[in-house]
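**Student:** The following comprises the amino acid sequence and a computationally predicted model.
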Amino acid sequence: MGPGPSDVAPSVLHAMARPLVGHLDPAFVNMMEEIKAMLRTVFQTQNDLTFPISGTGSAGMEFCCVNLIEPGDEVIIGVNGVFGTRMCEVAERCGAKVTRVEAPWGQIIEPAAVAAALRQVPQPKLVAIVHAETSTGALTPVEEISRLAHAAGALFVLDTVTSLAGCPVKIDEWQVDAVYSGTQKCLGAPPGLSPVSFSPTALAVAQNRKRKVQSWYLDVNLLSSYWGQERVYHHTAPITMNYGLHEALRLVLLEGLPARWQRHEQNHLALKAGLAELGLAIVSQAGHQLWQLNAVGVPAGVDELAVRKQLLADYNIEIGAGLGPLKGKIWRIGLMGHTARRENVDQVIAALRMILKK
Ligand SMILES: *Cc1c(COP(=O)(O)O)cnc(C)c1O
């Protein structure tokens, strides 16, 4: 019940125990097509270029930056936690001149702050934000920031590692040009793949670069020949991870996206009510609290680490700690994917009640 990896359904583990086939075997090629189609549905996009990068969520972040940024490009990035900070670091390594739009950790990125940055840097190559900041539990609304980015002629890039399959994510409706996610949060598969999607505009930017993409492994021009119709060998797709993602996506669509979002919301509300009875509260910005990651304030006089250690040792429950400025101040309780179940909510509340009483 931490910030990921989340629990995985038994059928996903069973899928991953199946025998290997070759990565160009017709059966596997067929599975790749099904994964692409299911990802389009889950991302709610028609983008042709939609597939899983062989690597964790951070590889998807790097994929977006390394393909869309050329040295000297201006970019604007929202920073309200660990992952916005990481995106700045990745963009800088691509040679970007980064303008940060900062917000206190636990708060959202306000469109007005993005508009102010666009007055300083009126024609950036891209504007990027983290949808669900896993380090703080805040969900930044996307549409207005997307509109501002496009009005400035910029691409709009979105991190949906924690949001995808846990709350609404609408790539085409929100006009997101480049998006990445990860398998280990609400999609309900182990860490190891990073679903990505590029709009035709983003793909054209990557195809018309002045210089080659610095990373051979993450070059979209090479990867699209492998995951597209040509099937040109690039790298060997991690077969077993793709079995796992295929089954996880099947479960997402079997449940249905609206029902899945509602399950995450209801378990969040149940957790919040249970915490309130213990005198505990979620500290991220009211009205913008994540369902799948709950940032719980540590009461004064309580040893944050000692509680987490007891939860693990005595109750076999893992939760996460605060990072950066929130270190020692919050616990992070994840209710992601297969972990978002009522019995988990009840168990962590019961365990916290016993530990805090002691
Ligand atoms: C977990 C996470 C990442 C990084 O994913 P890894 O799988 O750890 O590489 C990026 N962004 C957000 C918002 C995340 O929660």
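**Tutor:** Structure's in. What do you need?
**Student:** Residues touching stretch 202-213, excluding its own?
**Tutor:** Identification of contacts with stretch 202-213 by CB atoms under 8 Å, 6 or more residues apart in numbering yields 49, 66-68, 70-71, 155, 177-178, 198, 219-221, 224. Glycine gets a C-beta too; all of them are placed from N, C-alpha and C.
**Student:** and which of the residues you listed is nearest to the ligand?
**Tutor:** Ranked by distance to the ligand (CB to the nearest ligand atom), these are led by Ala178 at 14.0 Å.
**Student:** Now for the residue of the stretch 51-200 of the chain found nearest the ligand: which residues touch it?
**Tutor:** Nearest residue of the stretch 51-200 of the chain to the ligand, counting by CB to the nearest ligand atom: Gly57, 2.5 Å away. For Gly57, the contacting residues are Asp159, Val161, Tyr180, Ser181, Gly182, Gln184, Lys185, Pro191, Ser194, by CB under 8 Å, 6+ apart.
**Student:** Which members of the residues you listed are the farthest-apart pair?
**Tutor:** Asp159 and Pro191 (15.5 Å; CB to CB).
**Student:** Could you check which of those two has the larger neighbour count?
**Tutor:** Using other CB atoms under 10 Å, the more surrounded residue of Asp159 and Pro191 is Asp159, with 28 against 17.
**Student:** ok, now which ones touch that one?
**Tutor:** The neighbourhood of Asp159, defined by CB under 8 Å, 6+ apart, consists of Gly57, Met61, Phe83, Met87, Ala128, Ile129, Val130, His131, Ala132, Val179, Tyr180, Ser181.
**Student:** that's a strand at Pro52, yeah?
**Tutor:** Yes - counting by DSSP: H, G, I helix; E, B strand; the rest coil, Pro52 falls inside a strand.
**Student:** What pLDDT is listed against the closest residue to it other than its chain neighbours?
**Tutor:** Residue nearest to Pro52 in three dimensions, not counting chain neighbours: Leu193, with 4.1 Å by CB to CB, 6 or more residues apart in numbering. With respect to pLDDT, Leu193 scores 98.
**Student:** cool, and Glu230?
**Tutor:** As predicted, Glu230 sits at a pLDDT of 89.
**Student:** Pretty sure it sits in a strand.
**Tutor:** No - per three-state DSSP, Glu230 lies outside any strand segment and is coil.
**Student:** Give me the phi and psi for Gly334.
**Tutor:** The phi/psi pair for Gly334 (degrees, to the nearest 10) reads phi -90, psi 140.
**Student:** Please save the CA atoms from the one helix or strand Gly274 maps to in CSV.
**Tutor:** Using DSSP states H and E, Gly274 maps to helix 257-277. The C-alpha coordinates for helix 257-277 follow below in CSV (Å, rounded to 0.1, in the frame of the first residue of the first chain):
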residue,chain,number,x,y,z
LEU,A,257,-12.7,2.6,-17.0
PRO,A,258,-15.6,4.4,-15.3
ALA,A,259,-16.2,1.5,-12.8
ARG,A,260,-12.4,1.4,-12.2
TRP,A,261,-12.2,5.1,-11.5
GLN,A,262,-15.2,4.9,-9.2
ARG,A,263,-13.6,2.0,-7.3
HIS,A,264,-10.5,4.1,-6.7
GLU,A,265,-12.6,7.1,-5.6
GLN,A,266,-14.8,5.0,-3.2
ASN,A,267,-11.8,3.4,-1.5
HIS,A,268,-10.1,6.8,-1.2
LEU,A,269,-13.3,8.2,0.5
ALA,A,270,-13.5,5.2,2.8
LEU,A,271,-9.8,5.6,3.8
LYS,A,272,-10.4,9.4,4.4
ALA,A,273,-13.4,8.6,6.6
GLY,A,274,-11.4,6.0,8.6
LEU,A,275,-8.5,8.3,9.0
ALA,A,276,-10.7,11.1,10.3
GLU,A,277,-12.0,8.8,13.0
